[in-house]
Structures are given as C-alpha cells and as structure tokens.
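Visitor: A structural model of the following input is requested.
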Amino acid sequence: MRKVQTQPDSLAQEALRSYQNGDLEAAIERFAAARVAFAGEGDRVKEAEMANNLAVALLKAGRPQEAYDTLEATPEVFRKAGAIKLEAQAYGNLGSALEALGDPTGAERSYSHAAQIFESLGAEEELGYTLQAISRLQLRRGRPFEALASMQEAVASSSKPRFIKRALETILRLPSRLMNR
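Guide: Numbering: from 1, shown residues only. Alright, predicted model coming up:
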C-alpha cells in the first residue's frame, strides 16, 4: 500500500529539491512553509526537522542569526521525543550557527554535545565530522594541541581507516610522541 503524501511532505520535498539545486531563497521559503504545516498538524518532530533544514539553508545564505533563532529549541524537542540522533545533529547545526555568529565558546560547547551523543550512538561518520569541526575551531582559537588531539580522535573514530587515514593518524601521533605523552 502506497503512503499518501501530505502537503507538509510535499513542501519538504520541494524545499529539498530547491536546496539541492542551489536555489536557497526558494528552499528557505519552502522549509519555512513545511515547518508551519507540520506545526499545524501537531508533528513537533517534523516541525523541528524542518527548522534544522531551514537553518542549514539560512547559514548557507549567510544569515546566521536567523539560523540560530530557528534552531535554538530543536535539540530539546528531539531529546523529549527520543530522537537522539536528530538531537545530536541539531547540536551540530547549533554549533555551526554559533560559530558563524562569532561565539566560539558556545559553538564548541554545542559541537561537544553533538560529539558525545554521536559517540554514544556509534555514529562514526557524524562523530568524525563533528570532531573535525571542534578541531578547526580550537585551532582558530589558538589551541593547537587540543586541536591536534581532537583531529586525532576524529581520525581514530573510523572503524575502517584507509591507508591515507592510517598515515594521517601516524603523523598526528608524532607531536605526542615527541613530547613523551
């Protein structure tokens, strides 16, 4: 039996197509409309998903304050609904918004929440991306050793490192060995 598509689902698909085609303004309008439509149906989780998608489009369009305002409450919505992976993704998006707003402390805190959740879920790929974001942020903040440790953890989080990753991991261990850590 085929599922009948609802108006919010259609809006969400149109928004995603617009985003993938690089039409950010149309994506922003459609994600916002889908968000409102899901809210009208009382679907808080889908509403929060659309808020996260909307925020990603807003960030890409260079509108970080709007992205932050859109995202602020979504991790809690996902946590209450038991959608733990979505909660982690929301924290990662929140970290991106805070980073774009020039709040490195808040960004690192949000990224760290995301990393902890991804690690507990065994979501290696997402954990790796999040740790890379933390490392990049730490490096920009003048904390090279912490950045190195975060990048080392990102590389190590992969269960099947390829040759290049293994080489990178070895290189990343060198400073620790030189310092007898």
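Visitor: Quick check: mean pLDDT of stretch 33-50?
Guide: For stretch 33-50, mean pLDDT rounds to 97.
Visitor: Ends of it, what's the gap?
Guide: End-to-end distance for stretch 33-50, by CA to CA, to the nearest Å: 9 Å.
Visitor: Now do that stretch: everything it contacts.
Guide: With contact meaning CB atoms under 8 Å, 6 or more residues apart in numbering, stretch 33-50 is reached by 6-8, 11-12, 15, 31-32, 51, 54, 73-74, 77-78, 81, 83, 86, 90. C-betas here are computed from N, CA, C, even on glycine.
Visitor: Next one, pLDDT for Leu139 please.
Guide: pLDDT at Leu139 comes out at 77.
Visitor: I'd like the distance between it and Gln132.
Guide: As judged by CB to CB, to the nearest Å, Leu139 and Gln132 stand 11 Å apart.
Visitor: Give me the more crowded residue out of these two.
Guide: With neighbours defined as other CB atoms under 10 Å, Leu139 and Gln132 compare such that Gln132 has more, 18 against 15.
Visitor: Distance check, the more buried one against Gln65.
Guide: Gln132 sits 25 Å away from Gln65, going by CB to CB.
Visitor: Mind pulling up the pLDDT for Ile134?
Guide: 85.
Visitor: isn't it right up against Gln116?
Guide: No. At 11.1 Å, Ile134 and Gln116 do not qualify as touching, with contact defined as CB atoms under 8 Å.
Visitor: So for those two, which residue has more residues nearby?
Guide: Comparing Ile134 with Gln116 by other CB under 10 Å, the one with more neighbours is Ile134, at 25 against 14.
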